[in-house]
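Engineer: Model the following, please.
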Amino acid sequence: MRRFIAVLLLSLAGLPVAADEGLWLFNAAPVEKIKARYGHTVTGEWLDHVRESSLRFNNGGSGSFVSRDGLAFTNHHVAADCVSKVGSEGRDLIKTGFHARSRAEEIKCPDLELNVLVGIEDVTDKVLGAARPGMSTAEAGAAQRTVMTALEGECAKSGLRCDVVTLYSGGAYHLYKYRRYMDVRLVFAPEFAIASFGGDPDNFEFPRYGLDVAFFRVYENDRPVQLQHFLRWSTKGVQEGDLVFMSGNPGSTSRLATMAELDFMREVQYPWLLKTREQAIKLMKDFAAKSAENTRISQSRIYSLENAQKSQRGYYAALLDSKLMASKVADEKELRTKLLKADPTLASAWEKIEQATRAHREIYVAHMLIERMMAFDSDLAGYARTLVRATAEREKPNLQRMREYRDSNMPSVEQRLFSTAPVHDALEVLTLTESLGRLPGHFGADSPIAKRVLGGKPEEDVAKALVSGTRLKDPSFRKQLYDGGWAAVSKSDDPMIALMRDVDDEARALRKRYDDEVDAVIRHEAGRIALARFKQGGKDLYPDATFTLRLSYGAVKGYTEDGRGSVVPKGTRIPPYTTIGGAFEREAAKGGKPPYELPPTWKAAKSKLNLKTPMNFVSTADSIGGSSGSPVVNKAGELVGINFDRNMQGLGRNFYFSEEGMRHIAVDSRGILEALRRVYGATALADELEKGSRPSNDCATKNGCR
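Structural biologist: Modelled structure (predicted):
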């Protein structure tokens, strides 16, 4: 059966699935399905080119290379973390935007890592084979994690980043091999006012008028990397009905989840997350309102929180949809009946998943607060946790460590740990105060954990003492402790280090319970169900999203508003495009007040702009969170847009796909060029996009192309 998976993944391309659905593996692209519906043949060469032109951003987004000279492209909201960190007091680059007019002006991001997927190896047999007869589920899970670490370590000797990815809920495992780039420099970002035009009210809505884009350049050995694979820029764009493809790294979906798992999400996970995030957003907005500097240092975090809050409200609404849940119940009942006829022992798979979700209910909040650090929301606390964990784990043999501290992953850990990004005391005190309050809020003020952390003092007093007393703001101090190993960290009197040491035993115990009683069980039992589905003809399944590269496709196509969106009335027929002129019209209709106020640069350039130029468009291609920044390409593999959002209907895609009304939203390649040339005077950048390189650089005559 394990070998069957390998055969399955090679044959998926020829099997049917509904509509334009699917977050497909690049080594199992639905070639025949695309040909049958759109009359277009996707070749292996095309897939390889798009794959090696695509990027994964370590802060949770996607992107692509768009010139031979290492020029990289993503959304502004993906880039905002770097844009904020390279700004300074009195220099709010989120507000004003940034444009490097020469390479000397390009600013290095302090902790941004980009990955290019260069190879995929099926290691299902090796990982599943680690589970021996007689092992408990927890023992089997630990053995499999050890094999995964070993495979990654051997692969990493080649200089690549190597990650074993769990697919089909544990039915398959693939070794993903990445070329890693860690010298990434900011080239261009527009003003927040146009990147996020319409703000939170228009988020997950359409029509939209956002220039949600940013450009970086990737360097190696202090020189721009020279590339063979990059996406050439389309100046013609696409027309309604055209076939488009999207190549990105969707974060996670739960389309294959059992009803027990969905019940847990509806009853426990999303209500707690939404309540917790709502409190954080309010505090952050109150903080931002106090000064321009507070706004500067908190703006990108507020946007991120609001974006997550709105998307998860959509997920929660889908779980509360009685019609959708009834269909999920019926589907699971039908599947169980079908599979149990062939193998009655599979009944235990659903039973054990139910047991795992009951265990998860018992530990969920405690696990999120202590192990996942939601009671210690602070960059400084994050550095302290990394130092405590990394130095302790490095004392162990590689195969016995926590997965995130395996040798093959340490370059990424060290880059984040030694980041030169500024730490803002006022923001640290704010977020730490709020999150520390979750301990007595959940466990009770008299609980051992609350007493140990707070010592009976107000949360704000504790937070101020920790932030003012720690030396972890200094990257050189963090490096000194790290180099000193556990011997130095275990004896450090730094208060933030001491706090993380003090809660680490409890955090590790929660981690072990989650790994053994929840994760290992669900992976094993859901894997059994997946294998049985494949055997019975369910081979048209694509795996749930895993923040790894996927291919989706669809048509540029409008839709009819069903009432979930608030921009236009229910029943309105929405065309697939908006135009630059529409942005000025929307500003006027909304009174020109934030978040509907265009930047001065746009108002000054209005007379020079072609107002009919397409700005945003929608298509039926599948997407989810993490797909932000995904390049949208045409049949020739040319870049015609960049994904940045979904509409309200599309929020349900975490659990199901429907072509009816669900759309992703992209910035049009033509609108981007028009803005670069007419609004920002970024002629060199626009020329580089159209020509594919700067004239002074010719990789064929230098060090060769990657």
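Engineer: Quick one: distance of stretch 667-677 to the chain centre.
Structural biologist: 25 Å (Cα atoms, centre = their mean, to the nearest Å).
Engineer: helices or strands next to the strand or helix carrying Q312 in the packing?
Structural biologist: Element membership of Q312 [criterion: DSSP states H and E] is helix 292-320. Other elements packing on helix 292-320 under the criterion 3 or more Cβ pairs under 8 Å, 6 or more residues apart in numbering; DSSP states H and E are helix 76-85, helix 93-96, helix 270-288, helix 425-436. (Each C-beta comes from the backbone N, C-alpha and C, glycine too.)
Engineer: rerun at 6 Å
Structural biologist: helix 270-288 (3 or more Cβ pairs under 6 Å, 6 or more residues apart in numbering; DSSP states H and E).
Engineer: what's the average pLDDT for stretch 74-90?
Structural biologist: Averaged across stretch 74-90, pLDDT comes to 97.
Engineer: in it, what's buried?
Structural biologist: Neighbour-count burial for stretch 74-90, counted by 16 or more other Cβ atoms under 10 Å, picks out 74-87.
Engineer: Check stretch 336-343 too.
Structural biologist: Residues of stretch 336-343 classed as buried: 336, 339 (neighbour count, 16+ other Cβ under 10 Å).
Engineer: care to break the protein down by domain?
Structural biologist: Following automatic domain parsing, one gets these domains for the chain: 1-113+182-251+546-642+660-706, 259-526.
Engineer: before we move on, back to that, ok, the buried residues of stretch 74-90 vs Q480, which is closest?
Structural biologist: Lowest distance from Q480 to the buried residues of stretch 74-90 (Cβ to Cβ) belongs to K85, with 22.3 Å.
Engineer: how many neighbours does the closest residue to that closest one other than its chain neighbours have?
Structural biologist: Of all residues not flanking K85 in the chain, A421 sits nearest, at 4.2 Å (Cβ to Cβ, 6 or more residues apart in numbering). Using other Cβ atoms under 10 Å, the number of residues around A421 comes to 17.
Engineer: Where does A421 sit: helix, strand or coil?
Structural biologist: Three-state call for A421 (DSSP: H, G, I helix; E, B strand; the rest coil): coil.
Engineer: I'd say it and P110 touch.
Structural biologist: Yes. A421 is within contact range of P110, at 4.2 Å (criterion: Cβ atoms under 6 Å).
Engineer: Now for these two: what residues contact both?
Structural biologist: Residues touching both A421 and P110 (Cβ atoms under 6 Å, 6 or more residues apart in numbering) are K85.
Engineer: Return the member of the domains of the chain having the minimum mean pLDDT.
Structural biologist: domain 1-113+182-251+546-642+660-706 (a mean of 92).
Engineer: now the helices: where do they sit in the stretch 101-250 of the chain?
Structural biologist: 124-128, 137-156, 192-195, 199-202 (DSSP state H, counting those that start in this stretch).
Engineer: can I get those in CSV with distance to G625 and mean neighbour count?
Structural biologist: Conversion of the helices of the stretch 101-250 of the chain to CSV gives the following (distance: least, Cβ to Cβ, whole Å; neighbours: other Cβ atoms under 10 Å):
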stretch, distance to G625, mean neighbour count
helix 124-128, 27, 20
helix 137-156, 25, 19
helix 192-195, 18, 24
helix 199-202, 16, 16
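Engineer: Which one, of these, ends up nearest to S412?
Structural biologist: Nearest to S412, of all the helices of the stretch 101-250 of the chain, is helix 137-156, at 11.2 Å by Cβ to Cβ.
Engineer: what is the mean pLDDT for the closest one?
Structural biologist: On average, helix 137-156 scores 97.
Engineer: tell me what that helix is packed against?
Structural biologist: Counting by 3+ Cβ pairs under 6 Å, 6+ apart, helix 137-156 packs on helix 124-128, strand 161-167, helix 520-535.
Engineer: Please give the centre-to-centre distance between the longest one and its chain.
Structural biologist: Using Cα atoms, centre = their mean, we find the averaged C-alpha position of helix 520-535 to lie 25 Å away from the chain's own average C-alpha position.
Engineer: cool, stretch 416-429 as well?
Structural biologist: Using Cα atoms, centre = their mean, the offset of stretch 416-429 from its chain centre is 22 Å.
Engineer: do the same with stretch 149-165
Structural biologist: For stretch 149-165, the distance to the chain centre is 21 Å (Cα atoms, centre = their mean).
Engineer: The stretch 501-650 of the chain: helices as residue ranges?
Structural biologist: Assigned by DSSP H, counting those that start in this stretch, the stretch 501-650 of the chain shows helices spanning 520-535, 580-589, 600-605.
Engineer: ranking those by burial, who's on top?
Structural biologist: helix 520-535 (a mean of 22; mean count of other Cβ atoms under 10 Å).
Engineer: Kindly calculate the angle that the helix holding Q312 makes with helix 270-288.
Structural biologist: 160 degrees (axes from the mean of the first three to the mean of the last three Cα atoms, to 10 degrees).
Engineer: Not counting the helix or strand just after helix 292-320 itself, show me its contacts.
Structural biologist: Note on helix 292-320: by DSSP H and E, the next helix or strand toward the C-terminus is helix 322-342. For helix 322-342, contacts defined as Cβ under 6 Å, 6+ apart pick out 259, 318, 346-347, 532.
Engineer: Report the buried members of those.
Structural biologist: If you count burial by 16+ other Cβ under 10 Å, the buried members of the contacts of helix 322-342 come out as 259, 318, 346, 532.
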